[in-house]
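Chemist: show me the folded form of this:
(one chain, ligands or ions: 2)
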Amino acid sequence: VTLSAAPETIAARTAADATRPLLASGDRATRIADLLELRAATYAECHAQIDTDAGDVDRHARAALAIWERDPIAVAAGRNSYAVDVGVAIASPRLGELARGATAALLISDENVAPLHRRSLDVGFASAGVSPSVVVLEPGEQRKTLSSVERLWQACLAARLDRKSVVVALGGGVITDLAGFCAASWMRGIRWLGLPTTLLAMVDASVGGKTGFDLGEAKNAVGAFWQPAGVACDVAYLNTEPARGYVSALAEVIKSALIGDAELLGVLEARSDAVLARDPELLTEIVRRSVAVKARIVSRDERESGLRAVLNLGHTVGHALEAQGAFGVLSHGEAISLGLCAALRIGARLGYTPPALAARIEQLLDRFGLPVDLGAQPLAEAAARLDLDKKRTGGALRFVLVRDVADVTYIDLPVAELVNHVRALTN
Ligand SMILES: NC(=O)c1ccc[n+]([C@@H]2O[C@H](COP(=O)([O-])OP(=O)(O)OC[C@H]3O[C@@H](n4cnc5c(N)ncnc54)[C@H](O)[C@@H]3O)[C@@H](O)[C@H]2O)c1
Ligand SMILES: [Zn+2]
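Modeler: Ligands and ions are numbered 1, 2, ... in the order given. Purely as a prediction, here's the structure:
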């Protein structure tokens with residue numbers, strides 16, 4: 001928790017303290033302002049900030065305690081750091097805090113989500129003291145286009161959003177990607193809040209600051225890194241998520257467990273029925289743990305240099321299979337389920353992955369109703385697709401391998417070799 005105060009307040013508080021060599025020379029308040037500026041990126045990397053200019057120690061201590069009880073996950077990104085909260089019925093209260101002081105707000109949602117959940121935010125907007133303009137887009141990936149973005153910009157204009165206004169995204173990954181991009185580009189970047197309503201948007205799209213839209217067949221071709229000011233994953237919204245999307249996202253949850261949380265894997269295995277029944281307490285734990293894995297990795301690698309590569313576990317073959325069906329046969333998560341099976345089996349062939357672990361994960365995916373039968377997939381065509389990528393990647397692909405639960409690594413695998421491995425998966 002960062003305790004903040006104005007330079008003058010800090011100067012007054014430290015006035016009697018002679019043991020501050022950094023404040024020894026020059027005007028104290030100016031010196032403090034310089035140091036605060038110098039350290040701003042570091043101080044911003046916290047779970048929350050408490051302004052201590054007004055009020056007493058007791059009040060600030062209680063505020064810190066409340067943050068501890070809320071238990072947010074910090075996504076460290078220098079000055080662009082933010083927190084992800086996870087819980088039941090938390091969207092509205094968090095919105096109330098995060099939107100306070102905004103000059104205007106634009107709530108962006110879609111035609112499926114808005115009728116179900118838009119009203120849940122009324123109290124939050126009221127307590128923030130802003131009355132939002134609302135844009136409701138047609139749902140679906142086909143609408144993740146420039147023309148939707150233009151509609152959002154027009155809405156920003158009509159609502160007179162300025163640099164102190166806020167965009168609020170209420171929806172799945174399509175809405176969060178579009179709304180985040182709208183916020184990134186409006187007036188060269190304004191604040192936005194993520195209120196994800198699908199499991200995928202909670203565990204994946206809410207962390208990492210990737211925003212954007214599709215350009216025809218080219219998914220996510222145009223976009224920007226633009227971190228939200230805050231994210232609230234309200235698992236109560238997941239009650240109404242269609243089953244196929246919910247189950248598909250469980251593949252990404254299992255991926256996160258494999259990358260960095262052995263306990264999460266244990267919970268998924270021990271309580272698979274409750275997972276499928278969307279038990280809210282359990283969902284809180286699952287979303288929190290998944291977000292924490294991604295936050296840990298992204299925090300150290302904001303712009304995707306090396307470390308972020310591990311998040312691609314299961315995605316090399318998964319993407320090829322997804323694209324092979326022209327993004328219509330398999331959902332992304334279903335493709336990733338198969339991609340995980342492939343990565344584990346290839347890992348076993350290469351001597352990295354214990355075969356028993358590969359079998360264990362297949363069993364769990366299968367229990368959730370996700371596809372695991374690689375033999376039933378067009379592997380030869382998918383392999384050819386990987387081969388096509390060869391020119392782009394210079395002959396080698398970064399392939400993520402699992403040595404054990406929460407112990408992953410990556411190797412640069414020649415595409416030709418990978419293609420052979422994928423072909424061999426049939427038998
Ligand atoms: N930015 C990132 O890092 C990131 C990460 C992963 C995925 N994504 C993007 O996310 C998108 C997929 O996200 P998605 O799976 O959430 O799809 P989606 O946003 O299309 O939502 C799926 C469907 O469920 C409906 N829906 C959403 N929440 C609902 C709820 N609570 N109740 C009832 N219906 C609801 C939506 O209207 C939609 O029809 C893709 O475009 C992908 O590129 C982005
Ligand atoms: Zn994915």
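Chemist: you'd agree residue 383 is in a helix?
Modeler: Yes: Residue 383: assigned to a helix according to DSSP: H, G, I helix; E, B strand; the rest coil.
Chemist: burial check on it, number of neighbours?
Modeler: Counted with other CB atoms under 10 Å, residues neighbouring residue 383 total 23. Placement of C-beta: from N, CA and C, glycine included.
Chemist: cool, and residue 66?
Modeler: As a burial measure, residue 66 scores 11 neighbours (other CB under 10 Å).
Chemist: to which secondary structure element is it assigned?
Modeler: Take DSSP states H and E as the rule and residue 66 turns out to sit in helix 57-70.
Chemist: same thing with residue 139?
Modeler: Residue 139 is located outside every helix and strand, with elements delineated by DSSP H and E.
Chemist: quick one: contacts for it?
Modeler: 110, 111, 112, 113, 174 (CB atoms under 8 Å, 6 or more residues apart in numbering).
Chemist: show me where the stretch 251-400 of the chain has strands.
Modeler: With strands called from DSSP state E, counting those that start in this stretch, the stretch 251-400 of the chain shows them at 396-404.
Chemist: where does it dip in pLDDT?
Modeler: The stretch 251-400 of the chain contains residues with pLDDT under 70 at 301-305, 326-327, 389-393.
Chemist: residue 132 is in contact with residue 168, correct?
Modeler: Yes: here residue 168 lies in contact with residue 132, judged by CB atoms under 8 Å, at a distance of 6.6 Å.
Chemist: neighbour count: these two, which is higher?
Modeler: Neighbours were counted for residue 168 and for residue 132 using other CB under 10 Å; residue 168 has more, 29 against 24.
Chemist: where's that one, which helix or strand?
Modeler: Counting by DSSP H and E, residue 168 is part of strand 166-171.
Chemist: can you name the element that comes right after that strand?
Modeler: Following strand 166-171 in sequence, per DSSP H and E, is helix 173-185.
Chemist: now do the helix or strand following that next one: which elements does it pack against?
Modeler: Downstream of helix 173-185, the next assigned helix or strand under DSSP H and E is strand 191-196. Secondary-structure packing of strand 191-196 (3 or more CB pairs under 8 Å, 6 or more residues apart in numbering; DSSP states H and E): helix 91-98, strand 166-171, helix 173-185, strand 230-234.
Chemist: so which of the ones you listed comes closest to residue 383?
Modeler: helix 173-185 (28.0 Å; CB to CB).
Chemist: residue of the stretch 251-400 of the chain nearest ligand 1, please.
Modeler: Residue nearest to ligand 1 within the stretch 251-400 of the chain: residue 332 (6.7 Å; CB to the nearest ligand atom).
Chemist: can you list contacts of the helix or strand encompassing residue 125?
Modeler: Assigned by DSSP H and E, residue 125 belongs to helix 122-128. The contact list for helix 122-128 (CB under 8 Å, 6+ apart) reads 91-102, 105, 107, 131-132.
Chemist: kindly report the same for stretch 181-189.
Modeler: Identification of contacts with stretch 181-189 by CB under 8 Å, 6+ apart yields 106, 108, 149, 152-153, 156, 161-163, 167, 190-192, 211-213, 223-226, 228.
Chemist: now do the same end-to-end measure for it.
Modeler: Chord length of stretch 181-189, first to last residue, is 9 Å (CA to CA, to the nearest Å).
Chemist: show me what from the stretch 51-200 of the chain comes close to ligand 1.
Modeler: Within the stretch 51-200 of the chain, the residues that sit near ligand 1 (CB under 6 Å from any ligand atom) are 110, 112-113, 116, 139-141, 144, 171-175, 177, 197-198, 200.
Chemist: tell me the strands beside the helix or strand just after the helix holding residue 125, with direction?
Modeler: Per DSSP H and E, the first helix or strand lying C-terminal to helix 122-128 is strand 133-137. Strand pairing for strand 133-137, using DSSP bridges, gives strand 105-110 (parallel).
Chemist: now, of the residues of the stretch 51-200 of the chain next to ligand 1, which are buried?
Modeler: 110, 112-113, 139, 144, 171-175, 177, 197-198, 200 (16 or more other CB atoms under 10 Å).
Chemist: buried subset of the contacts of stretch 181-189, written for PyMOL?
Modeler: Selection command for PyMOL covering only the buried members of these, criterion 16+ other CB under 10 Å:
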select buried, resi 106+108+149+152+156+161+167+190+191+192+211+212+213+223+225+226+228
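Chemist: strands - which of the contacts of stretch 181-189 land there?
Modeler: Among the contacts of stretch 181-189, DSSP state E puts 106, 108, 167, 191, 192, 211, 212, 213, 223, 224, 225 in strands.
Chemist: that's all I had, so thanks and see you.
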